[in-house]
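[1] Any chance you can model this:
(chains A, B, C and D)
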Amino acid sequence: MRIRLEDVTVKFKDRRNPKNEVIAVNHVNLEVPESKLICLLGPSGCGKSTALYAISGLQELTGGKIYFGDRDVTKLDTQERKIGLVFQNYSLYPHMTVSQNIAFPLKNAKWKRKDIEDRIQEVARIVQISELLERKPAQLSGGQQQRVAIARALAKNPEILLLDEPLSNLDAKLRRSTREEIRRIQKTTGITTIFVTHDQEEAMTISDEIVIMEDGRFVQQGLPQEVYEQPANLFVAGFIGSPTMNFFDGRFEDGAVMVGNYRVAAHSGASGAVTVGVRPESVRLKEDGLRVKVEIVELLGRERVCRLRTETGELLTMITDIDTLVEEDTQISVGFSPGKVYLFEAESGEALARI
Amino acid sequence: MRIRLEDVTVKFKDRRNPKNEVIAVNHVNLEVPESKLICLLGPSGCGKSTALYAISGLQELTGGKIYFGDRDVTKLDTQERKIGLVFQNYSLYPHMTVSQNIAFPLKNAKWKRKDIEDRIQEVARIVQISELLERKPAQLSGGQQQRVAIARALAKNPEILLLDEPLSNLDAKLRRSTREEIRRIQKTTGITTIFVTHDQEEAMTISDEIVIMEDGRFVQQGLPQEVYEQPANLFVAGFIGSPTMNFFDGRFEDGAVMVGNYRVAAHSGASGAVTVGVRPESVRLKEDGLRVKVEIVELLGRERVCRLRTETGELLTMITDIDTLVEEDTQISVGFSPGKVYLFEAESGEALARI
Amino acid sequence: MELRPQKVALKTISYLILFFFALVTLFPFYWMIITALKDSNSALRWPPELWPKTFHWENFDRLLKAAPFGRYFMNSVIVVILDLSISMIVMSFAAFGFAHYNFRGKEILFMLFLATMMIPGEALIITNFRTVAKLGWFDTYHVLFVPYIASVFYIYLLRQAFESVPKQLYLAAKVDGCSDFKYFLKVLLPIARPMLITIVILKVIASWNSFMWPLLVTNSSRMRVISYGLVAFQSEAGNDFPLMMAASIFTVGPMIILYLIARKKIIDGIAKGGIKG
Amino acid sequence: MELRPQKVALKTISYLILFFFALVTLFPFYWMIITALKDSNSALRWPPELWPKTFHWENFDRLLKAAPFGRYFMNSVIVVILDLSISMIVMSFAAFGFAHYNFRGKEILFMLFLATMMIPGEALIITNFRTVAKLGWFDTYHVLFVPYIASVFYIYLLRQAFESVPKQLYLAAKVDGCSDFKYFLKVLLPIARPMLITIVILKVIASWNSFMWPLLVTNSSRMRVISYGLVAFQSEAGNDFPLMMAASIFTVGPMIILYLIARKKIIDGIAKGGIKG
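    Model (predicted):
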């Protein structure tokens, strides 16, 4: 099922000052192709969960329209939208067993008992919890609860699956395996899925496309690697990638981009200030480059993460191979890999060019 | 202050079956040089926190001796050991302000009011919380509470600082910056520090030396990179590094190590079974190597993480440069980088050689 | 974790207080039981016997012949059952209303309700008495519990229990196609079960033990409940302490049995789900 | 988050029950106040006036001339203060002992204590009465509160509150060079403050409103506390309802004032730190 958002807006009253309005979702448009998994990615408070709730029907719109396929669902109640929703804290019914949890939406939809039993077995097999059906949620680990929540969301054969930060309560190891699991389930079932997260690595690995939100607006939509390599603005560039991109106050001078006394590359931009961004892996040892002091070197097995400080006091991060010798408390000179330097308009933060 | 553990053992009664004894710390020896930061690293339940509590004096020993410098502190009470201890959940007094929290150990030690006030200002400056002194712990973020806990531990001028998983309640971004902060404070003050963690990346980046614990025993002690490159056994090899090392059932055949039909390298070992380990970054595309199917490719900006499956059904992980083209659902052939393949005794798991 | 031996002073103080506490709490209880089994003379003896030489079980026979305790007992059972079933329904709905819906002045109304907790029962008994007198409700079963159907404190506890259920569970129920009423019945009440059990037990105890109100609004011995029956009997039995104590055990017994049966539930309820909300 | 309009049936039921509840809870209270300001004749009139034509404030003057309510009042204040200060100390230590130390049979002892909650106060009053009679404690202040110093339920709540303080805080206090007693005083009690405040208030209410016990153990009108004074006065005043209601207000008043002063603390205490442990 395709999903289309047209000029969707959600406003709240400010709780402290009821006269003020908070615009949680600000005139956004979105097209989600059939059977794809899309991530809504953004920092906390950017409105991504509100947007998801708006799609689910739990949140009324202030303006705009939502279509599932060709059907306008804007005025429909949640239960009429044929969606499955997985909440951040899973929201399992604590007094019911796993199978009762999965059966609950089916009973409400007045399925026959036989059909319910068959369906429980079926979804339990998909999410691999067949041996847990008689347990209570409190007897399950976080990852297992997670699967049960997905099973319950899938039970009613929803046309659309919505997931609200489903991995944020899991530890690092489990997060990794569960995200592969969700990817597998989504591919198996082919349900159009929207996944909300604030974790850029999660978004990068799980999604067909990423939509990046900032302050209620959709800033950029694209393939994960596209968003990484061609960020639309300073916010996206800083948000995607870990360790984060290094930024410098640069300037155009004599047909080149300069950072301090370091001539980054030739570029015929308008003269004046520019923000120069370069990812840690694109910082390389180079003679006649930017002179920096090595403050901290972290050896991480296969790579070195170096914290460097420029002569003007700016901090930057460099990632090198483990075999590249960089030692703490030494002076080195670094340059930026050609073709991997990003220029942003100093004021608006809009991306200008990659040089 | 140097720390020395001699044959330290801690036993508990099993709560369910009081006749059984649980050996939490099993005859361990340790030498911590002056002014160094040592990590006790191990999975949960391995006894690392018990070992820390034993050093702090909160946990009585069943056997062995503990020396601070040349002083035998085995029989001393906690408050006589001149230690500072930071708990996993910070354990700030919720009804006291930050400055009252820091003052509490000083008041108990009957410091003069003037001295207490000066000391509060001093440690607040070290951990950079000077502007938070009048707040209650509930008004602080996790990272700030963390700093207050460190300030309180430092207030009494301890000779030794003990930290029990101090970063585990922080989110990923904060964990990174706080661990640099702890490193800085430890270097500034020069206090001998023991840091307990279950996170191998944390241990790798923060410590001068790592001690790896398994089931109450110290398995290996060494520099972080040393532990990564020369793991003493299968457990250490699998525990250190992310994604984890790939393991295969291999065998010695015709003066070479074989994994399936792939001839890894020449090696004149005793014939028979051997466990072959290779890190994801040492798996490389290679003709005539191990034939595998590419199941999942995750693009993570600067690198590709590929999940591969061998013809015998084993799963392995490969990390390549982002520019190396590996596509999902294709057949490829991979080899292992020479000099980066680890051999372990199949039964005991002891490291044999690196080839 | 085992701790190093601590200074014993504080421990000793604690133990002494616990001992004193055990004495004042448990001794009267013990005294009641053994006195019920003494004969009238030895019960009055000073210093008292801490363990009677012979056990006079026939005291209970004498008691049942002296007063219709069977009837009193059944009256109490009927009142408790009526009280419980009606008040639990009323209070659950009231708590649900407060927990789940927003309306103008909700918190002020709730504060007013809570304020009535400050009023001594005796002060209210008089106005209630006048009301039921006007209604001509004397010597009925319903007069014994209707004024006490809605207890502010229990509604407060129930509201707390309902509000401690995460709002997201309500949203999940909406997604699962569940109506408000079904949510109340199938999700909220089962989750609040530990608290409901605790309240049921406290209500049973209060209802069983209520005394002042039955004293005022029942005249005929036919309508006496057991607590009133006990006190009335005490004024009639005069100095026959063993019989008085036997009557006390008759009154206390069911509550002790209730405790023994529901012990684990009470403790669990209060400890886990109950008081902790 | 705003929710879509829900079916109104359940909401209507809730509102009706709330309305009924408001009526049975708040009406007697309102009735007490207006009756206290009516003259004797209009108070008896049927149907009753919901709002008196004239307010007879002189009823309070008449009341103070008719009985020594000032003396009753002071007696109650003294008993409440003595009761409170001694019992809070005793109960804190008892709860600390249970929460903090392990000794053989601890849980069994605690269960026994909890079992005594099942016994109706009336049954215990008799044995307590005999005990204090033997001790010759009649007509004293201490007889009025000593038997009620240790309340099982409050010790239980305090124990819960103490046990909800993380064990690591105790270890932190040890590292900070703090003795057990100092830990109790400087860490445990301040953290349990919301619960302590809640218990103090409940204790004040119970102590102020206690009636049966004072009735039994005080004879002279000199030692009467206010609740007993109220009831005694009612049997003397006969049919002078306005005067009876004025006396009721005299008794209820301090509790209402306490509520108004401590309102926020009570609510906060019960809601955040108190009942929630």
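[2] If we go by neighbour counts, what in the helix or strand encompassing residue C:200 is buried?
    Assigned by DSSP states H and E, residue C:200 belongs to helix C:193-209. Within helix C:193-209, the residues scored as buried using 16 or more other Cβ atoms under 10 Å in any protein chain shown are C:194-205, C:207-209. Using the backbone N, CA and C atoms, a C-beta is placed for each residue, glycine as well.
[3] Show me what the following helix or strand past that helix is packed against.
    Downstream of helix C:193-209, the first helix or strand assigned by DSSP H and E is helix C:212-217. In terms of contacts (3 or more Cβ pairs under 8 Å, 6 or more residues apart in numbering or on different chains; DSSP states H and E), helix C:212-217 is packed against helix C:121-135, helix C:226-237.
[4] okay, the ones you listed, which one's buried deepest?
    Among these, ranked by average contacts under mean count of other Cβ atoms under 10 Å in any protein chain shown, first place goes to helix C:226-237 (a mean of 20).
[5] List the buried residues in the helix or strand following that one.
    Using DSSP H and E, the helix or strand that follows helix C:226-237 in sequence is helix C:241-268. Under the neighbour-count criterion of 16+ other Cβ under 10 Å, helix C:241-268 has C:241-252, C:254-255, C:258-259, C:262, C:265-267 buried.
[6] from these, which are also near chain D?
    C:241, C:244-245, C:248, C:251-252, C:255, C:258-259, C:266-267 (Cβ under 8 Å from any Cβ of the partner chain).
[7] tell me which parts of chain A are close to chain D?
    For chain A, the residues in contact with chain D (Cβ under 8 Å from any Cβ) are A:12, A:53, A:57-60, A:77-78.
[8] which helix is the longest one in chain C?
    Criterion DSSP state H: the longest helix present in chain C is helix C:69-100.
[9] Please see if the helix or strand hosting residue A:203 touches chain B.
    Element membership of residue A:203 [criterion: DSSP H and E] is helix A:200-206. Yes. Using Cβ under 8 Å from any Cβ, helix A:200-206 reaches chain B at A:201, A:204-205.
[10] Okay, now the unreliable bits of the stretch 201-350 of chain A?
    By pLDDT under 70, the weakly predicted segments of the stretch 201-350 of chain A are A:269, A:271.
[11] Wondering if whichever strand or helix holds residue C:60 reaches chain D at all.
    Per DSSP H and E, residue C:60 falls inside helix C:58-66. No. Applying Cβ under 8 Å from any Cβ, one finds helix C:58-66 separated from chain D by no less than 14.3 Å.
[12] which helices and strands does the helix holding residue A:203 pack with?
    If you count contacts as 3+ Cβ pairs under 8 Å, 6+ apart, helix A:200-206 packs onto strand A:37-41, helix A:172-189, strand A:192-197, helix A:224-229, strand B:283-299.
[13] could I get those as JSON lines with mean neighbour count?
    Putting the helices and strands packed on helix A:200-206 into JSON lines (neighbours: other Cβ atoms under 10 Å in any protein chain shown) gives the following:
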{"stretch": "strand A:37-41", "mean neighbour count": "25"}
{"stretch": "helix A:172-189", "mean neighbour count": "16"}
{"stretch": "strand A:192-197", "mean neighbour count": "26"}
{"stretch": "helix A:224-229", "mean neighbour count": "20"}
{"stretch": "strand B:283-299", "mean neighbour count": "17"}
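[14] export these to JSON lines and tack on distance to chain C?
    As requested, the helices and strands packed on helix A:200-206 are arranged in JSON lines below (distance: least, Cβ to the nearest Cβ, whole Å):
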{"stretch": "strand A:37-41", "distance to chain C": "18"}
{"stretch": "helix A:172-189", "distance to chain C": "18"}
{"stretch": "strand A:192-197", "distance to chain C": "14"}
{"stretch": "helix A:224-229", "distance to chain C": "28"}
{"stretch": "strand B:283-299", "distance to chain C": "30"}
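[15] how about the ones you listed, which one is nearest residue A:277?
    Closest to residue A:277 of the helices and strands packed on helix A:200-206, according to Cβ to Cβ: helix A:224-229, at 12.0 Å.
[16] Any part of the helix or strand just after the closest one near chain B?
    On the C-terminal side of helix A:224-229, the closest following helix or strand by DSSP H and E is helix A:234-239. No. Judged by Cβ under 8 Å from any Cβ, helix A:234-239 and chain B are separated, with a smallest distance of 11.2 Å.
[17] Beyond helix A:234-239, next helix or strand please.
    In N-to-C order, the element after helix A:234-239 by DSSP H and E is strand A:246-253.
[18] Just checking the distance from the next helix or strand along the chain from that following strand to the centre of its chain.
    Using DSSP H and E, the helix or strand that follows strand A:246-253 in sequence is strand A:256-259. Here strand A:256-259 is found 32 Å from its chain centre; the criterion is Cα atoms, centre = their mean, to the nearest Å.
[19] between the following helix or strand past strand A:256-259 and strand A:246-253, how big is the angle?
    On the C-terminal side of strand A:256-259, the closest following helix or strand by DSSP H and E is strand A:262-266. Put simply, strand A:262-266 runs at 70 degrees to strand A:246-253, going by axes from the mean of the first three to the mean of the last three Cα atoms, to 10 degrees.
[20] can I get the helices and strands packed on helix C:212-217 in a markdown table with distance to residue D:56 and mean pLDDT?
    Converted to a markdown table, the helices and strands packed on helix C:212-217 look like this (distance: least, Cβ to Cβ, whole Å; pLDDT from 0 to 100):
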| stretch | distance to residue D:56 | mean pLDDT |
| --- | --- | --- |
| helix C:121-135 | 18 | 73 |
| helix C:226-237 | 36 | 74 |
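[21] strands paired with the host helix or strand of residue A:219, and their directions?
    Using DSSP H and E, residue A:219 sits in strand A:217-222. Strand A:217-222 has the following sheet partners, assigned by DSSP bridges: strand A:209-214 (antiparallel).
[22] which outside residues touch the partner strand?
    Defining contact as Cβ atoms under 8 Å, 6 or more residues apart in numbering or on different chains, one finds that strand A:209-214 is touched by A:30, A:36, A:38-43, A:46-48, A:51, A:203-204, A:218-224, A:227, A:235-236, A:239-240.
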